[in-house]
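Colleague: what's the 3D shape of this:
(chains A and B)
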Amino acid sequence: MDIFIQQIINGLTTGSVYALVALGYTMVYGIIQLINFAHGEVVMIGAMVAFSVITALAGTASPLPPAVILLAGVAAAIPACMAIGYLLERIAYRPLRHAPRLAPLITAIGMSIILQHLALLVWSRNPLAFPQIIDNPVFSIGGAAITGVQIAIILLSVALMAMLTWFVYRTRFGIAIRATAENVHVASLMGVDANRVIAATFIIAAALAAVAGVMVGTYYGITHYTMGFMLGLKAFSAAVLGGIGNLAGAMLGGILLGLVEALGAGYIGELTDMCKWPLMNQVFAERCAADGHLVLMGSNYQDVFAFLVLIAVLVFRPSGLLGERVAERA
Amino acid sequence: MSAAGPILEVRDLHVAYGGIVAVKGVSFEVANGETVCLIGANGAGKTTTLKALTRLLPARGTLHYDGQSLLQRPPHELIGAGMTLVPEGRGVFARLTVAENLNMGAYCRRDKVGITVDRERIFGLLPRLKERAKQVAGTLSGGEQQMLAIGRALMSRPRLLLLDEPSMGLAPMMVQKVFEVIRSVAAQGVTILLVEQNARLALSVAARGYVMESGRITLTDAAPALLANPKVREAYLGE
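Modeller: Okay, here's the model as predicted:
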């Protein structure tokens, strides 16, 4: 039982991060039907910028309190990522707005590679230890442990998602974004400047990605120039799981994917332990008698779950959990 | 301001649509306060003409609105200048509520009080919309959606209202209601350019009409004269 609770906590934490990143995929897709494969790299850049700022400020004799340094890292990462999000749209995607769909998609993959290699040049090819400067108290609930960082990640994600929802559903510009997502021509007839709305969408997505990047760095304690690839792919899976183009879907998909992954990683060892299966424990009787366990797959198979979920969704519910009419728009 | 000249003046308009020239040198004008219709069969180039006017399609020729050329202006600047299109097929935002759709019509306006007044006025004109203000527009019937599209356009306080096939796909009862609304909008002094396949209806609200055939205007006259014209009667009134 404590494994279960523990994995729920871990799953909610990573799921919150996936949700923030998935929102970026889904918003951009919703408005221009582009899968922005470079979005994962924006997360990576966010983590890297924060890494640099925090490392620079957190010298041995630093007079600043750790929380201020961390905030400074976030405060630097957000505008840096927003600028990159804007430039991606302006330089790479806008000229291809009316090109066949494959062109911007391939461009997105190209931008992803370019950003990775820029990061490689700036921050080296080595994994970088993300400075762990703030106290990370551990609380226990129901026999499981939850850290201060985990609580902060979950609460901040929920707050950001609430803010985004309020913005998109309650403000004039947010309604214009939804109108543009639905029909860009009619929205422009209503006086909405589509270019502004599209650029704003990229900028908002990038801001969320920046925060997610700092969360990942703080949570795992490590950043690397390729970190955005797998994270981006999983967040994209989460967006598809929820129904791409749908905000609530991205949030739900992210959380669910985090939970599936954590629970999968927590239980896969036990489930693939041949000594616990009736027939198999006779086949492998010798090994089981010797060490009691014969585990086929360990928690290093964790990444498999995200993609199993993606495949299952694509097979059984291509429009995602909350999605509608994806086939029509794709 | 060019009070004397027409509010809309189109000279020798050419529009090509993916290699096919759909509009071949069309000229017409709409005077301030007037209701004018553009009638013609499906594929005559009526909608293409409106799309060129609203800058959704590139075009050649002279397009003057209020004495100024439209050709260099992006579509999103037109509504602020008082020119609003109710697009073909209604184009309501199906996932937005009725109230949000109406607010989108007032997107360019900053006068909060005026917006509220206009919304109430439109709710008075179209009471169904008030009942359904919080409903998502996709759940409305076709006729209600057409009313919403017109109401949304009125929220911009247009000086020139362009209507593209407002009767399309509607039940006869609903068509009558939509045209009653168009009449009352015209009576309030809004200039209207109405594009319709249903020539009889269009000529019943318009003062003048242009007949369009294969991308050209072939006939123009006052509405009663067009209704009496044997060619029009044969080709468009089914007689």
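Colleague: where in the chain is pLDDT low?
Modeller: No chain was given, so I picked chain A. A:1, A:60, A:324-330 (pLDDT under 70).
Colleague: wrong one, I was asking about chain B
Modeller: B:1-4, B:239.
Colleague: so when I look at residue A:256, I'm seeing a helix, right?
Modeller: Yes. According to DSSP: H, G, I helix; E, B strand; the rest coil, residue A:256 belongs to a helix.
Colleague: Next, count neighbours for it.
Modeller: By the measure other Cβ atoms under 10 Å in any protein chain shown, the count of residues near residue A:256 is 19. C-beta coordinates here come from the backbone N, C-alpha and C atoms, glycine included.
Colleague: just the helices in chain B please.
Modeller: B:46-53, B:98-105, B:112-125, B:127-131, B:142-154, B:172-187, B:199-205, B:223-228, B:230-236 (DSSP state H).
Colleague: Make CSV out of these and add distance to residue A:209 and mean neighbour count.
Modeller: Output for the helices of chain B, formatted as CSV (distance: least, Cβ to Cβ, whole Å; neighbours: other Cβ atoms under 10 Å in any protein chain shown):
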stretch, distance to residue A:209, mean neighbour count
helix B:46-53, 37, 24
helix B:98-105, 28, 25
helix B:112-125, 35, 14
helix B:127-131, 40, 16
helix B:142-154, 35, 24
helix B:172-187, 46, 16
helix B:199-205, 52, 20
helix B:223-228, 59, 16
helix B:230-236, 57, 15
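Colleague: okay if I get these as TSV plus distance to residue B:31?
Modeller: Output for those, formatted as TSV (distance: least, Cβ to Cβ, whole Å):
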stretch	distance to residue B:31
helix B:46-53	16
helix B:98-105	25
helix B:112-125	25
helix B:127-131	31
helix B:142-154	20
helix B:172-187	13
helix B:199-205	16
helix B:223-228	14
helix B:230-236	22
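Colleague: anything in stretch A:192-212 near chain B?
Modeller: Yes. Contact of stretch A:192-212 with chain B (Cβ under 8 Å from any Cβ of the partner chain) involves A:192, A:193, A:194.
Colleague: Out of these, grab the one that's most surrounded.
Modeller: Top of the residues of stretch A:192-212 next to chain B by neighbour count (other Cβ under 10 Å): residue A:192, with 24 neighbours.
Colleague: check contacts around that one.
Modeller: A:176, A:179, A:180, B:76, B:104, B:107 (Cβ atoms under 8 Å, 6 or more residues apart in numbering or on different chains).
Colleague: which one of those is nearest residue A:88?
Modeller: residue A:180 (18.2 Å; Cβ to Cβ).
Colleague: The closest one belongs to a helix, doesn't it?
Modeller: Yes. Under three-state DSSP, residue A:180 falls within a helix.
Colleague: how much space is there between it and chain B?
Modeller: Residue A:180 is 9 Å from chain B, where distance means Cβ to the nearest Cβ, to the nearest Å.
Colleague: Wait, that residue touches residue A:200, no?
Modeller: No. Using Cβ atoms under 8 Å, residue A:180 makes no contact with residue A:200, being 9.8 Å away.
Colleague: Pick out whichever of the two has more residues nearby.
Modeller: More neighbours surround residue A:180 than the other of residue A:180 and residue A:200, with 27 against 21 (other Cβ under 10 Å).
Colleague: Name the residues of chain B found near chain A, please.
Modeller: B:54, B:56, B:74-80, B:84-85, B:87, B:91, B:93-96, B:100, B:103-105, B:107-108, B:152, B:156.
Colleague: Filter the residues you listed down to the ones in strands?
Modeller: B:84, B:85 (DSSP state E).
Colleague: Mark which of the residues of chain B next to chain A are buried, thanks.
Modeller: B:54, B:56, B:75-79, B:84-85, B:87, B:91, B:93, B:95-96, B:100, B:103-105, B:107-108, B:152, B:156 (16 or more other Cβ atoms under 10 Å in any protein chain shown).
Colleague: Now do the strands in the stretch 101-250 of chain A.
Modeller: A:128-129, A:138-141, A:144-147, A:222-223 (DSSP state E, counting those that start in this stretch).
Colleague: Enumerate every residue touching the residue minimising distance to the centre of chain B.
Modeller: Chain B has residue B:163 as the residue nearest its centroid, 1.5 Å off, counting by Cα atoms, centre = their mean. Residue B:163 makes contact with B:85, B:86, B:150, B:182, B:192, B:193, B:194, B:195, B:196 under the criterion Cβ under 8 Å, 6+ apart.
Colleague: how much space between the fourth one and residue B:15?
Modeller: From residue B:182 over to residue B:15 the distance is 25 Å, taken as Cβ to Cβ, to the nearest Å.
Colleague: for the second one, same thing?
Modeller: With distances taken as Cβ to Cβ, residue B:86 is found 20 Å from residue B:15.
Colleague: Could you check which of these two is surrounded by more residues?
Modeller: residue B:86 (28 against 22).
Colleague: Tell me, how many residues neighbour residue A:210?
Modeller: Residue A:210 has 30 neighbours, counted by other Cβ under 10 Å.
Colleague: residues contacting it?
Modeller: Here residue A:210 is in contact with A:42, A:43, A:45, A:46, A:49, A:50, A:74, A:77, A:78, A:80, A:81, A:82 (Cβ under 8 Å, 6+ apart).
Colleague: next one: residue A:207
Modeller: Counting by Cβ under 8 Å, 6+ apart, residue A:207 has contacts A:78, A:81, A:82, A:85.
Colleague: Could you identify the pair within these that is furthest apart?
Modeller: A:78 and A:85 (10.5 Å).
Colleague: Those two: which is more packed in?
Modeller: residue A:85 (29 against 21).
Colleague: Now that one. Its backbone dihedrals?
Modeller: When read as degrees, to the nearest 10, the backbone of residue A:85 gives phi -60, psi -40.
Colleague: Excluding chain neighbours, give the residue nearest to it in space.
Modeller: residue A:206 (2.8 Å; Cβ to Cβ, 6 or more residues apart in numbering or on different chains).
Colleague: Would you mind giving both backbone torsions of residue B:237?
Modeller: phi -110, psi 0.
Colleague: ok, so what distance separates it from residue B:144?
Modeller: For residue B:237, the distance to residue B:144 - Cβ to Cβ - is 29 Å.
Colleague: How about residue A:46?
Modeller: Distance from residue A:46 to residue B:144, by Cβ to Cβ: 46 Å.
Colleague: what do you get for residue B:12?
Modeller: 39 Å.
Colleague: from memory residue B:178 sits against residue B:144, does it?
Modeller: No. Using Cβ under 8 Å, residue B:178 is not in contact with residue B:144; the gap is 10.2 Å.
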